[in-house]
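Participant: Here is a sequence with its predicted model. Questions after.
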Amino acid sequence: MNTSKQVNVMIGLLFVTFVVTVGYLFNEANRQEVESAEINERNAHRGARLFVQNCRNCHGLDGSGKDANGVGTIGVALNAPHFLILGEDNVYNAAGTSESEAEAIRTYLNETIACGRVNTYMPKWDIRFGGSLSPTQVEQLVTLIVGDPTGKHDFWDLVLEEGEHADEEQFGAVLEERFALAALLGEYYGRAASEDEIAAYKAILTPEQLVAIVDEYGRHPTAAEIYAESERQTLTRDAATITITTDNCGQFANTTKLDARTRADPRTVSAAPGAPSADGDGAAAPAETPTGPSVDRGTVLVEALGCLACHTLDGTELVGPTWLGVYGRTEQLEGGDSVIVDDTYIRESIRMPQAKIVLGFAEVAAMPVFGEDVLSDIDLESIILYLQTLTQ
């Protein structure tokens, strides 16, 4: 090859290299965005698996803080808009969450999961403090809770998918065997067999006999039947089966908790130019202070402060007395006195919870004090109005 051709080839190669390099540089931002989204979803998927394994019993499978029947669980709602962190480019056309606000939310969730909450059933999960999860796994749970910054994907769908898979694995074959034995015994007895009769008959069968009965009488359970069985066996509201956390490694003040759980839904904050913000870089402006107490505000407050982790609404008892029918009820106190649950008693119980202790609850963990720095008088009145709605 002569010199002229060599020069032309070199120039051509240099040109191709230049074009490829420029194209790569122009595409780099898009490539990084796609890679970041993939990593985020991968971490959320791992968080979903961890949630099903460790958290669903107290927070509900969908993270709503309710069981399949809509009854409040021991844990508070985590599938909630006040925890969402949005990027600048999101499907809601909402303002992106500021870096400072996003960091505050992630830190709050991370520390709460890692260090637990005193006087609640929320344990310390971080392995550094005696839990069973690594710091990376705690971060994966946080990624699940704060959601997809674009709003295009619902990470809680990953939890439901993971839950269905885990439930099918754990309960599918068990229910199929139970249905087959129930059908066989029902045919034999001429009536529905009891759970004890089914268990006793299964105990005397060989594996081969059981397989043959399932083949003849069995049917695979529906997804709803599997879910119901899973809820029956794994969701617990029995305070005797779990322990109250009495210490932690970095407790947030109740004011921080209230701020986090009453934060405005970021999807409703306009991204239009000139939209108000808290710190000038896209955060939501603080909501206006209500002019008076209301049931709605009371509802938000009791959920935000985690009251329902200790007080149920269905008549059962947990750490504290049930709130069902509480207003106007006469409570027997430790020491022999009694008291009517009225406005005065409720105010005192919130401001000075150890002043009067209901009989039978002296040995449980102490209720935290909610001073004026946490709850205003309007907040107190709102909670009182809310309690008045919980009639039998």
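Facilitator: Okay, I see it.

Participant: CA atoms for contacts and neighbours, from now on please.
Facilitator: Will do.

Participant: So for Val34, what pLDDT did the model give?
Facilitator: Model confidence at Val34, expressed as pLDDT, equals 67.

Participant: same question, Thr21
Facilitator: 67.

Participant: Next: the one 10 residues further on.
Facilitator: Reading off the confidence values, Arg31 has pLDDT 57.

Participant: Could you do Ile357 as well?
Facilitator: The model reports Ile357 with a pLDDT of 91.

Participant: Which parts of the chain are helices?
Facilitator: 3-54, 56-59, 99-115, 135-146, 155-167, 173-189, 195-203, 207-217, 223-234, 254-261, 295-304, 343-351, 377-388 (DSSP state H).

Participant: same for the fourth one, what does it pack against?
Facilitator: Same thing as helix 135-146. For helix 135-146, the packing partners by 3 or more Cα pairs under 8 Å, 6 or more residues apart in numbering; DSSP states H and E come out as helix 3-54, helix 99-115, helix 155-167.

Participant: ok now the second one, how far from the chain's centre?
Facilitator: So the one you mean is helix 99-115. Relative to the centre of its chain, helix 99-115 is centred 15 Å away, using Cα atoms, centre = their mean, to the nearest Å.

Participant: name the helices or strands packed onto it?
Facilitator: On a contact count with 3+ Cα pairs under 8 Å, 6+ apart, helix 99-115 meets helix 135-146.

Participant: Pull out the buried residues from the helix it packs on.
Facilitator: Gln137, Val138, Glu139, Gln140, Leu141, Val142, Thr143, Leu144, Ile145, Val146 (16 or more other Cα atoms under 10 Å).

Participant: closest to Leu313 out of the helices of the chain?
Facilitator: Closest to Leu313 of the helices of the chain is helix 377-388 (Cα to Cα; 9.9 Å).

Participant: For that closest one, output the C-alpha coordinates as PDB.
Facilitator: Output of helix 377-388 as PDB, limited to C-alpha atoms (Å, rounded to 0.1, in the frame of the first residue of the first chain):
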ATOM      1  CA  ASP A 377     -54.000  22.400  71.400                       C
ATOM      2  CA  ILE A 378     -55.700  22.300  68.000                       C
ATOM      3  CA  ASP A 379     -54.100  18.900  67.400                       C
ATOM      4  CA  LEU A 380     -55.300  17.600  70.700                       C
ATOM      5  CA  GLU A 381     -58.900  18.700  70.100                       C
ATOM      6  CA  SER A 382     -58.700  17.100  66.600                       C
ATOM      7  CA  ILE A 383     -57.700  13.800  68.200                       C
ATOM      8  CA  ILE A 384     -60.500  14.000  70.700                       C
ATOM      9  CA  LEU A 385     -63.000  14.600  67.800                       C
ATOM     10  CA  TYR A 386     -61.600  11.600  66.100                       C
ATOM     11  CA  LEU A 387     -61.900   9.400  69.100                       C
ATOM     12  CA  GLN A 388     -65.600  10.400  69.500                       C
END
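
Participant: Rounded mean pLDDT for stretch 193-207, please.
Facilitator: 93.

Participant: now what about it, what contacts it?
Facilitator: Arg178, Leu181, Ala182, Leu185, Gly186, Leu210 (Cα atoms under 8 Å, 6 or more residues apart in numbering).

Participant: if I pick the fifth one, what's in contact with it?
Facilitator: Under the criterion of Cα under 8 Å, 6+ apart, the contact list for Gly186 reads Ala192, Ala193.

Participant: which ones are touching Tyr217?
Facilitator: So Tyr217 contacts Phe179, Ala180, Leu181, Ala183, Leu184 (Cα under 8 Å, 6+ apart).

Participant: Same check on Arg178?
Facilitator: So Arg178 contacts Ile198 (Cα under 8 Å, 6+ apart).
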